[in-house]
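K.L.:
Just to be clear, the model below is a prediction. Sequence and coordinates:
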Amino acid sequence: MATGYRMTLRPCAAALALAVTLAGVVPLTGCSTGTTAVDPPTTTPPTTTPPTTTPPTPPAAPSLLVSGKVLAGTQPISGASVQVYAAGTTGNGSAATALLASPVTTDASGAFTITSGLNCASTSSMLYLIARGGQVGSAPANAGIALATAMGACSQLSTSTTAQFTVNEVTTVATVWALSQFFGSGGSIGATATNAKGLANAFATAANLADPAAGKSPGTGFPSTGKSPAPKVNALARLLNTCVSYTAAPGSANPCDKLFQNVTVTGSPSPSNTLDAALSLARNAGNNVAGLYTQSTASTAFSPALSSVPSDWTISINFTGGGMNGPTGVGVDGQGNIWVASYFGGVASQFTPTGSPVFAPGITGSGLYHSYGLAIDSQNNVWIPNEDSPSSVNKTLGSVTVLNSAGQAISGADGFTAGGIYNPVAIAIDTNGTAWVVDFGNAHVTLLSSTGAPLSGTSGYTAPTLAFSASVAIDANHNGWIGNQNDEVVTRISADGAQTSGISCCNGAQGIAVDQHGYVWVSNFYGDSISLLSSTGSIISAGYSASSVLKPQGIAIDGAGVVWVASVRNVTGAASATLTQMAGSASASPGQILSPAGGWLADAGMLVPYGVAVDASGNLWITNFGSNILTEVVGLASPVRAPLNGPPQAP
């Protein structure tokens, strides 16, 4: 048997496995009194002037009832100005709407109550609180205080029961990190009207990180199958607390000044309040890590917290469950659910946008066998290629299983096998709904319709440069770009199979992605680098390299064109796996490394990361083949329209 990384992965995988979902007004019709009609007498109606009437004033929209406390750790912040906002709907960071004619002020206990004037324009409006200024105890008023809490959808609040919220440093961290891609200037949060789901899911992520009622991490709905992010959330909250609780002791340095200085990015203005400082750090999570950690240790306001310097200030969560067993392919559907294929156990897994497994044991049967890839079509159907199959199915040569959004198979009992399916390992969905399937076993490519009918003949397309094909991406012109693992070539094939070309550019093209401008990015597993090709196949770079790019595999492009690469480091997992961020093709310096020298997530415990996907909230989702873990990186990327069909687009 021909060998390559994909084939030689199996013994390692086996070893690891051993060790390791306005009421309408109904007109009344057909009503009758049941009496006999009598013709009325003929009369001439008197001439009268109709009385002048004033139409009744429509009742005012019922006001939501909200109360809460603004705290610095456990200390009340009195005199803070509290405003409630509805997130904007005209773009990321678009102007939010203040719902109170005048902000309310906290009392000596830090309490505030809103009993009138809080009316939403829509039940789906996403609401949040910002508290500004105020003073802690007898300390002078602190203009540097700005704290936030993500409240959630207007429909979640009540006109009869007062909703209780806490606004403190923990809720601020949760709000900022989860919604960092939706923040604009002055504390505005907004999204495009076409990305209401992504915004709502980001608010849910904030509630996952911290309970907006109690102000503690994690949230009450945090999955039992997730590893709590509380230590890092609390460390960041302690950092903010050093400024918020500043008492201006004589001769002491102002920790607010130190915080603002240490989170300032060269060329950008220094923040002047804790909300802007938190946002700067969330977006530049590699800044002054050690110094900021040291400052955070001056506060003990929240526990548990980190006991050592983190590798960076990203917030990530590791999820288990859902039947994952050697997780490989990953994708996001239109509701923000995460779908995962596994190589072992013949299982597919579905997770909610906040990481809870939908099916505890996973989904089995229907042809699921040994799976590497996964793609989701515009109808939220999940396509999973099975590299092999039982002897009774396609002579052991594999199949493609398709599940609907409820996890039910729509590809028959054994999956689709027509069109020359031969050890399929990778798949991508075109904008027209065509599924491109890479057949590793015979170096062919099979195109299937949405119903599984072959569109590429009885045996699929072939080309002289196809060999040990392992990855596929589709451009805006419906061309397929195929990564060949063992011959240093990427092959471009037209949708009708008539035109093929090979580009000698790469070294073990284990992952491939096409960006918004038609450029093709290739992760070179054997070359420890990332290649860049133009839309015509010209080589822009034979390989961008960095110390964090070692055995790169999973690759994804976000809504802003930024490139994200997961590196295995080494197959045994002896060294930590990381995530590398690179400047996109439209930047002044394509391929520039934007992550720290060692990559992001060096302390996240990733082990043999395989697939990377970006959701409509800006979260990255990474499968860890070596540990049966799904890693969520909160709010680090620019949102992407889901599901991903063709090149990525901003939602």
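P.N.:
In hand now; what should we look at? Being a predicted model, the structure only gives us computed values, none of them experimental. Numbering: from 1, shown residues only.

K.L.:
and the strand or helix carrying V438, what other elements does it pack with?
P.N.:
For V438, the host element (DSSP states H and E) is strand 435-439. Where contact means 3 or more C-beta pairs under 8 Å, 6 or more residues apart in numbering; DSSP states H and E, strand 435-439 is packed against strand 382-386, strand 424-429, strand 444-448, strand 469-474. In this view, the C-beta of every residue, glycine as well, is placed from N, C-alpha and C.

K.L.:
ok, residues contacting stretch 258-275?
P.N.:
For stretch 258-275, contacts defined as C-beta atoms under 8 Å, 6 or more residues apart in numbering pick out 130, 132, 143-148, 169, 172, 176, 187, 239-240, 242-244, 256, 277, 279-281, 284, 287-288, 291-292, 295.

K.L.:
Pull the distance from it to the chain's centre.
P.N.:
Stretch 258-275 sits 26 Å away from the centroid of its parent chain (C-alpha atoms, centre = their mean, to the nearest Å).

K.L.:
Ok, stretch 229-243 next?
P.N.:
With C-alpha atoms, centre = their mean, you get 23 Å for stretch 229-243.

K.L.:
Then stretch 124-143?
P.N.:
29 Å.

K.L.:
In it, which residues are buried?
P.N.:
Using 16 or more other C-beta atoms under 10 Å as the test for burial, stretch 124-143 gives 125-136, 139, 142.

K.L.:
Stretch 71-84 too?
P.N.:
71-73, 75-84.

K.L.:
do stretch 256-265 as well
P.N.:
Buried residues in stretch 256-265 (16+ other C-beta under 10 Å): 256, 258-260, 262-264.

K.L.:
Repeat that for stretch 604-621.
P.N.:
Buried residues in stretch 604-621 (16+ other C-beta under 10 Å): 604, 606-621.

K.L.:
mind checking how far that stretch is from the chain centre?
P.N.:
The answer for stretch 604-621 is 8 Å, by C-alpha atoms, centre = their mean.

K.L.:
what's the answer for stretch 496-504, then?
P.N.:
Counting by C-alpha atoms, centre = their mean, stretch 496-504 comes out at 34 Å from the chain centroid.

K.L.:
Quick one: end-to-end length of that stretch, please.
P.N.:
23 Å (C-alpha to C-alpha, to the nearest Å).

K.L.:
Relative to C256, how far out is the closest residue to V244 other than its chain neighbours?
P.N.:
Nearest non-adjacent residue to V244, counting by C-beta to C-beta, 6 or more residues apart in numbering: A72, 4.4 Å away. According to C-beta to C-beta, to the nearest Å, A72 and C256 sit 12 Å apart.

K.L.:
Show me which of the buried residues of stretch 256-265 is closest to A453.
P.N.:
V263 (55.5 Å; C-beta to C-beta).

K.L.:
Give the bridge partners for V402, please.
P.N.:
Judged by DSSP bridges, the bridge partners of V402 are W383.

K.L.:
Do you know the pLDDT at it?
P.N.:
You'll see V402 listed with a pLDDT of 98.

K.L.:
and D333, what does it touch?
P.N.:
Counting by C-beta under 8 Å, 6+ apart, D333 has contacts 339, 376, 380, 382, 405, 642-643.

K.L.:
let me fix that: F112
P.N.:
Here F112 is in contact with 67-70, 80, 82, 104-106 (C-beta under 8 Å, 6+ apart).

K.L.:
Just confirm it is within a helix.
P.N.:
No. Assessed with DSSP: H, G, I helix; E, B strand; the rest coil, F112 is strand; it does not lie in a helix.

K.L.:
Of the contacts of F112, select the buried ones using a ChimeraX command.
P.N.:
Of the contacts of F112, the buried ones go into a single ChimeraX selection, burial set by 16+ other C-beta under 10 Å:
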select :68,69,70,80,82,104,106
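
K.L.:
Now A174: phi and psi?
P.N.:
Per-residue torsions, A174: phi -60, psi -40 (degrees, to the nearest 10).

K.L.:
what about the stretch 251-400 of the chain, any weak spots by pLDDT?
P.N.:
Across the stretch 251-400 of the chain, the ranges flagged by pLDDT under 70 are 251.

K.L.:
can you check the stretch 501-650 of the chain too?
P.N.:
570-575.

K.L.:
From the buried residues of stretch 71-84, pick the one nearest T300.
P.N.:
Looking across the buried residues of stretch 71-84 and measuring by C-beta to C-beta, the closest to T300 is G73, at 8.4 Å.

K.L.:
which residues does the residue nearest to that closest one when sequence neighbours are not counted contact?
P.N.:
In space, and not counting its chain neighbours, G73 is closest to A301: 3.1 Å by C-beta to C-beta, 6+ apart. Residues near A301 by C-beta under 8 Å, 6+ apart: 72-74, 169, 237-238, 241, 245.

K.L.:
how close does A301 sit to I512?
P.N.:
47 Å.

K.L.:
before we move on, what about A413?
P.N.:
Distance from A413 to I512, by C-beta to C-beta: 32 Å.

K.L.:
Which of these two has more residues huddled nearby?
P.N.:
I512 (25 against 9; other C-beta atoms under 10 Å).

K.L.:
The helix or strand hosting the more buried one versus strand 469-474: what angle between them?
P.N.:
Using DSSP H and E, I512 sits within strand 509-514. Interaxial angle, strand 509-514 versus strand 469-474 (axes from the mean of the first three to the mean of the last three C-alpha atoms, to 10 degrees): 0 degrees.

K.L.:
List the neighbouring strands of strand 509-514 plus their orientation.
P.N.:
By DSSP bridges, strand 509-514 pairs with strand 520-524 (antiparallel).

K.L.:
distance between the helix or strand following the partner strand and the chain's centre?
P.N.:
Going down the chain from strand 520-524, the next helix or strand is strand 529-533, by DSSP H and E. Taking C-alpha atoms, centre = their mean, one finds strand 529-533 lying 25 Å from the centre of the chain it belongs to.

K.L.:
in the stretch 1-150 of the chain, which ranges drop under the pLDDT threshold?
P.N.:
1-63, 117.

K.L.:
So which residues of it form helices?
P.N.:
5-19 (DSSP state H, counting those that start in this stretch).

K.L.:
Can you tell me which of the buried residues of stretch 256-265 is closest to A426?
P.N.:
Distances from A426 to the buried residues of stretch 256-265, taken by C-beta to C-beta, are shortest for V263, at 40.9 Å.

K.L.:
and the gap between that closest one and S188?
P.N.:
19 Å.

K.L.:
picking up where we left off before, can you list which of the contacts of stretch 258-275 are found in strands?
P.N.:
Taking DSSP state E, the ones among those that sit in strands are 130, 132, 146-148.

K.L.:
any chance of the buried residues of stretch 256-265 in a markdown table, with distance to S471 and secondary structure too?
P.N.:
Converted to a markdown table, these look like this (distance: C-beta to C-beta, whole Å; DSSP: H, G, I helix; E, B strand; the rest coil):
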| residue | distance to S471 | secondary structure |
| --- | --- | --- |
| C256 | 49 | helix |
| K258 | 47 | helix |
| L259 | 44 | helix |
| F260 | 44 | helix |
| N262 | 41 | helix |
| V263 | 38 | coil |
| T264 | 40 | coil |
